[in-house]
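**Student:** with the input below, show me the fold.
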Amino acid sequence: MNFILFDDSRRNYFLPLTFLRPIAEIRVGILTIREKWEKMLGAKTSTLTEEYLSAKFPIVKKENNILINAAVCPTQALIDQILNLKPLQALVQNDTIVAMHMIEEQVDKLDGTDLSSPNIQEIETTCEFIELYYMWDIFRRNAEAIQQDFELITKGRTSAPISSTNRVLGEGNIFLEEGVTMEFATLNATKGPIYIGKNAEIMEGAMIRGPFAICEGGVVRMGAKIYGSTTVGPKSKVGGELNNVVIFGFSNKVHDGYLGNSVISEWCNIGADTNCSNMKNTYHNIRVWSYPEKTFIDTGLIFCGLIMGDHSKCGINTMFTTGTVIGISTNIFGSGFMRNFIASFAWGGASGFSTYDLKRAIAVARESYGRRGVEWTAADEAIFSHVFETTFDYRKV
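**Tutor:** Numbering: from 1, shown residues only. Presented below is the predicted three-dimensional model:
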C-alpha cells in the first residue's frame, strides 16, 4: 500500500507556518506529523500539497493509494480502520475526510487537494485522535502529543543513564537517548514526560518541568527555566524562560527573556532580552491575524503569544504583544511594542517597515543552511521566491 499525506483547505489557516512546508512537516509533540505516521505505519509517505511546494515535497502514486489527512495525528485504532478501507471508501469524522483509498487513475484526476466526490462511500469513525485546525492548536495540543510520542518512541526501550549530579523527580518518566550531555540540571517529570534526544545538551543550572521534549542536537543553556508543555526541535538552542512553546527546529532563543504559548518555525533567531506577552491584562480572548480571512480572528484562548514564520529574526530587547503573527524572512528591531501582524519579508520595527530585498533574504537563508550543514537547493529558492511574489499585498496591511 502507498501512503500519501494530503493538505486540505485548512492549510491556509496554518500560514505563515505552511508557507515553506506542507502540514505534514509541522512538529507537534516530539515528532513531525509525517514522522508519526511513518513510524506507526512502518512505511514512507509522500505529499499532496500546493503546486509550488511539489518540487520539494513530490507526490508518489502507485496502483493502490491511501490518502491521509495531514492535520490528523495517528493512533493505532485509527490506522487499523484506515488499512481496512477499500477503493473509493473514505473514513470521515464531522464532515472531515480523515483518509481515503484511491487507485492511481483516481489520484491522477484529483483537482489540487480537493478530495470531495459523490462516488465516495463515507464511513464514519468514532476514533479519538489529535487533529489540528489552527496554528495555535500546535501549542494547545502539545502536551497530549508529547505524551503519545513519548510512549511510541520509548516503548520496549531503556533510557541512557542519568548522571548523579542532576536532581530528578519522576525518573521513570524521563528518557535519554545516547550521547546526551547533562550535568547539574533539575528535571521534574511528575506532571508529564521528559524526552531528551540524541546528542542533546542540557547545561548546568537548567530547570525543566515536563511535559518537555528536546530533539537531536538541541541545547538548553545554563540557568534556563522551561515549563511544560514545551518542544525544542532538532539543532535548536534555548535559554531564558519558556512556557508551552513549540520550536520546529534549527532556531535559536538562547538568551534571557520570556516566551509563552508560542510557535517558532525553523531558521529563526530571537535576540537577547526579547519578551512576548501571552495574556491581555483584561483577560479577554486573544485575536490573531488570519491569512485566509485577511483580518484578526478570535482564538478562543486567553493565552497566546508569538507565531513566527521561517527565517525570521528579531533584535535585542524586542517586545511582542499578545497574539503576534510574523511571516517568513522578516528582520525586526528597535524599541517599543511591535504591531501584532508583520508580513513576510518585512524589514524594520515599531517606527515602520520596508520590504526586505529578495536577493539579500535568499543569501541569508542560504548562509543559515550552510552553517548547519544543510543544502540550499533550487527548489528552496523557487519556493522562497514564490512566497515573496504572492504575499506582496500583505506587506501593505
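
**Student:** is it true that Met203 touches Val220?
**Tutor:** Yes - if you go by Cβ atoms under 8 Å, Met203 and Val220 touch, sitting 6.2 Å apart. For every residue, glycine as well, the C-beta is placed using N, CA and C.

**Student:** for these two, indicate the residue with more neighbours.
**Tutor:** Val220 (27 against 17; other Cβ atoms under 10 Å).

**Student:** what's the local residue count around Thr190?
**Tutor:** Thr190 has 10 neighbouring residues, counting by other Cβ under 10 Å.

**Student:** an error on my part: the question was meant for Thr330.
**Tutor:** Residues lying near Thr330 (other Cβ under 10 Å) number 24.

**Student:** could you shift the numbering so residue one becomes 52, and keep it that way?
**Tutor:** With 52 as the first residue, the last one maps to Thr381.

**Student:** list the residues that contact the closest residue to it other than its chain neighbours.
**Tutor:** Spatially, and ignoring its direct neighbours in sequence, Thr381 is nearest to Ser363 (4.3 Å; Cβ to Cβ, 6 or more residues apart in numbering). Ser363 is in contact with Ser316, Cys319, Ile377, Gly378, Ile379, Ser380, Thr381, Asn382, Ile383, counting by Cβ atoms under 8 Å, 6 or more residues apart in numbering.

**Student:** and Ser363, how far from Thr126?
**Tutor:** 34 Å (Cβ to Cβ, to the nearest Å).

**Student:** with Thr100 instead?
**Tutor:** For Thr100, the distance to Thr126 - Cβ to Cβ - is 23 Å.

**Student:** between the two, which one's more packed in?
**Tutor:** Using other Cβ under 10 Å as the criterion, Thr100 and Thr126 rank with Thr100 on top: 26 against 16.

**Student:** my read is that that one contacts Ile55, right?
**Tutor:** No - using Cβ under 8 Å, Thr100 makes no contact with Ile55, being 10.0 Å away.

**Student:** now for Met254 and Val271: what residues contact both?
**Tutor:** Joint contacts of Met254 and Val271 (Cβ under 8 Å, 6+ apart) are Ala236.

**Student:** what's across from Cys365 in the sheet?
**Tutor:** Using DSSP bridges, the bridge partners assigned to Cys365 are Ile321, Ile383.

**Student:** so who does it touch?
**Tutor:** Asn320, Ile321, Gly322, Thr325, Phe371, Asn382, Ile383, Phe384 are the contacts of Cys365 under Cβ under 8 Å, 6+ apart.

**Student:** considering the residues you listed, which possesses the most neighbours?
**Tutor:** Ile321 (31 neighbours).

**Student:** check contacts around that residue.
**Tutor:** Ile321 touches Ser302, Asn303, Lys304, His306, Gly308, Leu310, Ile315, Met359, Lys364, Cys365, Thr369, counting by Cβ under 8 Å, 6+ apart.
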